[in-house]
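Engineer: Return atomic coordinates for the entry below.
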Amino acid sequence: MLWNGWGDPEQAAPLPDGVRDLLRDLLGVRPADTPPAALADLDVPASRLGADVLDALARAAGGAAHVRTDAAARVRHTRGKSTPDLLRIRAGEVADAPDAVVLPGGHDEVLAVLRVCAERRVAVVPFGGGTSVTGGLAPYANGSGFSGVVALDLRRLDRLATLDEVARTAVLDAGLRAPEAERLLGERGFTLGHFPQSFEWATIGGFAATRGSGQASAGYGRFDEMVVGLTVATPEGTLRLGRAPRSAAGPDLRQLVLGSEGAFGVITSVTVRVRPLPQVRAYEGWRFGSFEAGAAALRALAQDGPLPTVLRLSDETETMVGLARPEDIGAAGEAAQAPQPGGCLVVTGYEGAAGEAADRRAAARVALRAAGGEPLGAEPGEAWAQGRYRAPYLRDALLDAGAFAETLETAGFWPALPRLYEAVRTALTRTLTAAGTPPLVMCHVSHVYETGASLYFTVVGARGDDPLGAWERAKRAASDAILECGGTISHHHGVGTDHRPWYAREIGPLGVAALRAVKSALDPAGILNPGVLLPRADE
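Structural biologist: Numbers count the residues shown, from 1 in each chain. Okay, the predicted model is just below:
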């Protein structure tokens, strides 16, 4: 992956001139005065780890070749892929680069590395695909009594260990990237069905550690719903969790690990439920006159069925801009200028056995028509499916053009969604306008449940003189609005360091104390991703 951007550089494309002109005229976007820093020009501080520590880490990880201290490796493991992360690294800010990158080859080597780090007071940041957008790879370690920071890269843990075709479960190594997991499962006729926007780069362990949710969650479920077992390395030993589909044997400890973001232990393997490869995949588009009408239609499908595999709704602004078709927005040529339907676009997708998927599709069409939907045919849905991994590349193209683009998300119960939607949009618009960078705020619903749904906001504006400060104020205002309106601080991006204060408010002081007790039992030296998930003592 690009060290200062998203994904494969061969897949990146500049914004068309027409889009640049629109950004300039509508939002006052101007090209940045200073080009991004070059990797060779970065002033990476010397590693703080002495030869004795590096030697011990090399023995633990299976050899010196698996401990990297060169500048390029350390820079590539600095922070994640949020817009603030990228703006800082583009500006050459790498003072918080890890002191070493360690690449263990299996569970026992992870345990050995953790023992070395606990004994030497070295902070450990588990690293999968590096796709965090909430500060999950930016621990509060410098100046906190640690002798250094290690990025624990799990890429060598990359196997499909076992596949049980009777139980339809698979044991996957935590460092296995999602496309390779799908390839290995597909060779045996199965799929995981987890396709988040980070799919091309994220790892199985990262999905579990952040409670990820894929774009086909309506049909396959969230990732945490797919997990039936976990193996976790901690400084105090190994946790092996999940020995039956369901159990009444006390609280489910798997739930302490899912979403723990490396603060309690390092996930080394995950046992997941798998499904047969679908015989068909079909997508289509629908138009609704308003976001409210579209949301009511989604609620009807979520509560009364039939539920498509993919179900998403763009609000009026996102539909107008065409963000549901990022392949068109980011591509040169006349396709980028294709008119979008008015109102709100709903995309539905159907996967499964041919007859079953066709029956669900036919029944869903009846329900969508009854709710006031206008069919748009296959083209809008197929266009979304073809471009659904393009949005992060589009974000980088916007940054190159001088714009600021970022996202945030939440979820709430159905009655709370209208107020939640308006409050977050208002908070973002007011705060950024006051900073002199009035934004375009777009939203979509991409994950639905019987009881509620998610809201995913995209914000685009001029970069301005202080983009990081302006966004910090806007994000704070939006986060306050989320909690005030009954939403959760994160539906699938996770807590990281960005959401930590609001997570503490969401679960309350007693909840924080309970989690601190868990961390104290599993990580008494406090070396695992310090400052991520749990609030610091001064917060």
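
Engineer: Quick one: the strands in the stretch 101-250 of the chain, in order.
Structural biologist: 122-127, 148-153, 160-164, 169-173, 190-191, 227-234, 237-241 (DSSP state E, counting those that start in this stretch).

Engineer: Output those as JSON lines; include the columns mean neighbour count.
Structural biologist: Placement of C-beta: from N, CA and C, glycine included. As requested, the strands of the stretch 101-250 of the chain are exported to JSON lines (neighbours: other Cβ atoms under 10 Å):
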{"stretch": "strand 122-127", "mean neighbour count": "27"}
{"stretch": "strand 148-153", "mean neighbour count": "25"}
{"stretch": "strand 160-164", "mean neighbour count": "14"}
{"stretch": "strand 169-173", "mean neighbour count": "23"}
{"stretch": "strand 190-191", "mean neighbour count": "20"}
{"stretch": "strand 227-234", "mean neighbour count": "23"}
{"stretch": "strand 237-241", "mean neighbour count": "15"}
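
Engineer: Make a markdown table from those and add mean pLDDT to it.
Structural biologist: Formatted as a markdown table, the strands of the stretch 101-250 of the chain follow (pLDDT from 0 to 100):
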| stretch | mean pLDDT |
| --- | --- |
| strand 122-127 | 97 |
| strand 148-153 | 97 |
| strand 160-164 | 98 |
| strand 169-173 | 98 |
| strand 190-191 | 98 |
| strand 227-234 | 98 |
| strand 237-241 | 98 |
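
Engineer: Next, format those as a markdown table and append distance to G105.
Structural biologist: Shown next, in a markdown table, are those (distance: least, Cβ to Cβ, whole Å):
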| stretch | distance to G105 |
| --- | --- |
| strand 122-127 | 15 |
| strand 148-153 | 11 |
| strand 160-164 | 14 |
| strand 169-173 | 10 |
| strand 190-191 | 26 |
| strand 227-234 | 13 |
| strand 237-241 | 16 |
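
Engineer: How many residues are close by S144?
Structural biologist: Per other Cβ atoms under 10 Å, the neighbour tally for S144 reads 14.

Engineer: which regions of the stretch 101-250 of the chain sit below the pLDDT cut-off?
Structural biologist: In the predicted model, the stretch 101-250 of the chain carries pLDDT under 70 at residues 141-143.

Engineer: Now do the helices in it.
Structural biologist: 107-120, 178-186, 204-210, 217-220, 223-226 (DSSP state H, counting those that start in this stretch).

Engineer: what about D304, distance to E292?
Structural biologist: 18 Å (Cβ to Cβ, to the nearest Å).

Engineer: Give me the local confidence score for R90.
Structural biologist: At R90, the predicted lDDT confidence score is 94.

Engineer: what's near enough to touch A60?
Structural biologist: By Cβ atoms under 8 Å, 6 or more residues apart in numbering, the contact list for A60 reads 102, 104, 109, 112-113, 115-116.

Engineer: Let's see that with 7 Å instead.
Structural biologist: 109, 112-113, 116 (Cβ atoms under 7 Å, 6 or more residues apart in numbering).

Engineer: Considering these, which possesses the most neighbours?
Structural biologist: Highest count within the contacts of A60 by other Cβ under 10 Å belongs to V113, 28 neighbours.

Engineer: Check whether it really touches P104, as I assumed.
Structural biologist: Yes: assessed by Cβ atoms under 7 Å, V113 is found in contact with P104 at 5.5 Å.

Engineer: any residues in contact with both of the two?
Structural biologist: Taking Cβ under 7 Å, 6+ apart as the contact rule, V113 and P104 both touch A61.

Engineer: re earlier: make a markdown table from the helices of the stretch 101-250 of the chain and add distance to P98 to it.
Structural biologist: Putting the helices of the stretch 101-250 of the chain into a markdown table (distance: least, Cβ to Cβ, whole Å) gives the following:
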| stretch | distance to P98 |
| --- | --- |
| helix 107-120 | 12 |
| helix 178-186 | 24 |
| helix 204-210 | 17 |
| helix 217-220 | 33 |
| helix 223-226 | 26 |
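
Engineer: and among those, the most buried is which?
Structural biologist: helix 204-210 (a mean of 30; mean count of other Cβ atoms under 10 Å).

Engineer: list the helices and strands that helix packs on?
Structural biologist: strand 266-273 (3 or more Cβ pairs under 7 Å, 6 or more residues apart in numbering; DSSP states H and E).

Engineer: Counting by contacts, list what whichever helix or strand comes after the strand it packs on packs against.
Structural biologist: As assigned by DSSP states H and E, the chain's next helix or strand after strand 266-273 is strand 275-276. Judged by 3+ Cβ pairs under 7 Å, 6+ apart, the packing partners of strand 275-276 are strand 190-191.
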